[in-house]
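# Sequence plus the predicted model coming up.
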Amino acid sequence: MKPLCYHAGQLAAQAEAGTTRVAQKLADWVGPVPDFARGADLIVLALPVAAGELRFVFVSGSAPLLGIAGTPEASDLRFALPPAVAGADVPMPAVCGGLAINLGLARRARVNGTLRRGVAGPELLVTEAFTLCRKYMAPSVALEPAPRVGPGLREPLALDDPWLADLLARAETSFLGSISPAGMPDVAHRGGEPGFLRYDPPARRLAWTEFVGDGVFKSAGNVRATGSMSLVVPDLGTGDGAMLSGRAEYATDAGERAQREDALVQHREAFPPQGTMTCTIARAERLRGLMHPRERIARAPRVTCRSTVPEQKPR
């Protein structure tokens, strides 16, 4: 797998936060991506459908939801996906941003590449992959084991719809889609306590605090460079979801005077702010049948920046 190559948007955010050295260290990081992907109970795929717009496909159920189609070496990593992905109204071949995540175990891996038709069905040829830390995920588990590909239906949604406002107000889990200057989609988890998503329908404005992360600024850097954003917010109780698309700006709130040397640092705050993402929403959709309903694991602890560094590390 080639090292990460940072574009101008990422480099600017890294410089402001004092994480340039950290990002350089992480450029070669891959980690146990095949193991994390096979253990995921939710796969989120984002594909470009128009200039600056993304279409999401979710695969949910009990792990494993995908298989290794090629050799497991990082130089030739291919994941076999359920056949229903081919019927999800997405073009193939197409560049694809992917996130394999297990919210119950706080495990996630980026798997970006090309979605294409393989001999045995759809497969993702991975060209960029790495595992991530365990922070900010609200633990939950899928309530149905069989693989499910969604959404089943996409409906236009008014920005002042009461269901949308209620969903955003109580959400703890969301997925941010962005696009690099080279046109590569990317999917990242965004989580926090209920209310972390701040929505103002009359102003068409959505904002949230970007908490301290690993210092690479992949999503924030993409937004800096292209301004494109799509946020999917699942309704765990029903399996539906909402997608909001538009333009975004990222601003660094907490810069570092000295260069940070480590990707993971224990803080006194559970959710220390790093910056602010502010979005102007152009349209919204209700995604019916997006995924299997999930149950929030109330007793499972959430890993945050207040957790020890070993607890934050991928495992």
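Arrived safely, thanks for sending.

# quick one, helices of the stretch 51-200 of the chain?
Assigned by DSSP state H, counting those that start in this stretch, the stretch 51-200 of the chain shows helices spanning 162-170.

# where does it have low pLDDT?
70-75 (pLDDT under 70).

# one more time with 50
Counting by pLDDT under 50, the stretch 51-200 of the chain has low-confidence residues at 74.

# residue ranges of the strands in it, please?
Using DSSP state E, counting those that start in this stretch, the strands of the stretch 51-200 of the chain run over 53-60, 67-68, 77-80, 94-102, 107-117, 122-131, 140-142, 148-150, 153-157, 173-179, 185-191, 198-200.

# which stretch among these comes nearest residue 229?
Of all the strands of the stretch 51-200 of the chain, strand 173-179 sits nearest to residue 229, with 6.0 Å by CB to CB. All C-beta spots, glycine's among them, are computed from the backbone N, C-alpha and C.

# Could I have the CA atoms of the helix or strand that residue 11 is a member of written out in CSV?
In the assignment (DSSP states H and E), residue 11 maps to helix 8-17. The C-alpha trace of helix 8-17 is given here as CSV (Å, rounded to 0.1, in the frame of the first residue of the first chain):
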residue,chain,number,x,y,z
ALA,A,8,-2.7,21.3,0.4
GLY,A,9,-5.9,21.2,2.5
GLN,A,10,-4.6,18.6,4.8
LEU,A,11,-1.2,20.2,5.1
ALA,A,12,-2.7,23.5,6.1
ALA,A,13,-4.9,21.9,8.8
GLN,A,14,-2.0,19.9,10.1
ALA,A,15,0.2,23.1,10.3
GLU,A,16,-2.5,25.0,12.2
ALA,A,17,-2.9,22.2,14.7
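
# hmm, who's touching the helix or strand that it is followed by?
Using DSSP H and E, the helix or strand that follows helix 8-17 in sequence is helix 20-26. Residues from elsewhere that reach helix 20-26 (CB atoms under 8 Å, 6 or more residues apart in numbering): 4, 6, 10-11, 14, 130, 214-217, 259-263.
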